[in-house]
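[1] please work out how this folds:
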Amino acid sequence: MMKKIRINQLIIEVTRRCNLQCAHCLRGDSQDLDSTVPPEQILKEIAEIGDISFTGGEPTLNPGYVKRIVDYIICLLYTSDAADEL
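    Residues are numbered from 1 along each chain as shown. Modelled structure (predicted):
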């Protein structure tokens with residue numbers, strides 16, 4: 001079993017969809033593509049996270065995915081030893 005890592009900042013791309021066309025955007029043209037990576041896969045090797053940022057396109061266009069990640073983290077906190085450290 002690999003040792004879990006500690007991350008200062010985790011940035012998760014939630015979607016590539018966007019309802020704007022900003023000239024300064026580094027992402028480029030909007031794409032009809034949402035993240036489908038399960039939260040368990042993203043977080044399975046992480047022991048501690050300082051900050052989480054949701055990015056994309058426009059993250060609020062995929063609120064269900066953001067909720068799945070937040071709910072999974074809350075579940076981890078209340079069902080693991082991490083809850084003892086709060």
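[2] any idea what Glu48 is bridged to?
    Arg6 (DSSP bridges).
[3] I'd like to know how far it sits from Leu77.
    Taking CB to CB, to the nearest Å as the measure, Glu48 falls 11 Å from Leu77. In this view, the C-beta of every residue, glycine as well, is placed from N, C-alpha and C.
[4] same question, Gln31
    Separation of Gln31 from Leu77 (CB to CB): 33 Å.
[5] for stretch 43-56, list the C-alpha coordinates in PDB.
    C-alpha atoms of stretch 43-56 as PDB (Å, rounded to 0.1, in the frame of the first residue of the first chain):
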ATOM      1  CA  LEU A  43      -9.000  11.400  -3.300                       C
ATOM      2  CA  LYS A  44      -8.000   7.800  -2.600                       C
ATOM      3  CA  GLU A  45      -4.200   8.600  -2.200                       C
ATOM      4  CA  ILE A  46      -4.600  11.900  -0.400                       C
ATOM      5  CA  ALA A  47      -4.300  12.100   3.400                       C
ATOM      6  CA  GLU A  48      -4.700  15.900   3.800                       C
ATOM      7  CA  ILE A  49      -5.700  18.800   1.600                       C
ATOM      8  CA  GLY A  50      -5.100  22.500   2.500                       C
ATOM      9  CA  ASP A  51      -7.400  24.100   0.000                       C
ATOM     10  CA  ILE A  52      -9.700  22.900  -2.800                       C
ATOM     11  CA  SER A  53     -10.500  24.900  -5.900                       C
ATOM     12  CA  PHE A  54     -13.100  24.000  -8.500                       C
ATOM     13  CA  THR A  55     -12.300  25.300 -12.000                       C
ATOM     14  CA  GLY A  56     -13.300  24.700 -15.500                       C
END
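[6] and the contacts of that stretch?
    Applying CB atoms under 8 Å, 6 or more residues apart in numbering, the external contacts of stretch 43-56 come out as 2, 4-18, 27, 62, 66, 69, 72-73, 76.
[7] and stretch 10-25, by the same measure?
    27, 29-35, 42, 46, 49, 51-59, 61-62, 65-66, 69.
[8] please identify the buried residues of it?
    Within stretch 10-25, the residues that count as buried by 16 or more other CB atoms under 10 Å are 12-18.
[9] distance from it to the middle of the chain?
    Mean-position distance between stretch 10-25 and its chain equals 14 Å (CA atoms, centre = their mean, to the nearest Å).
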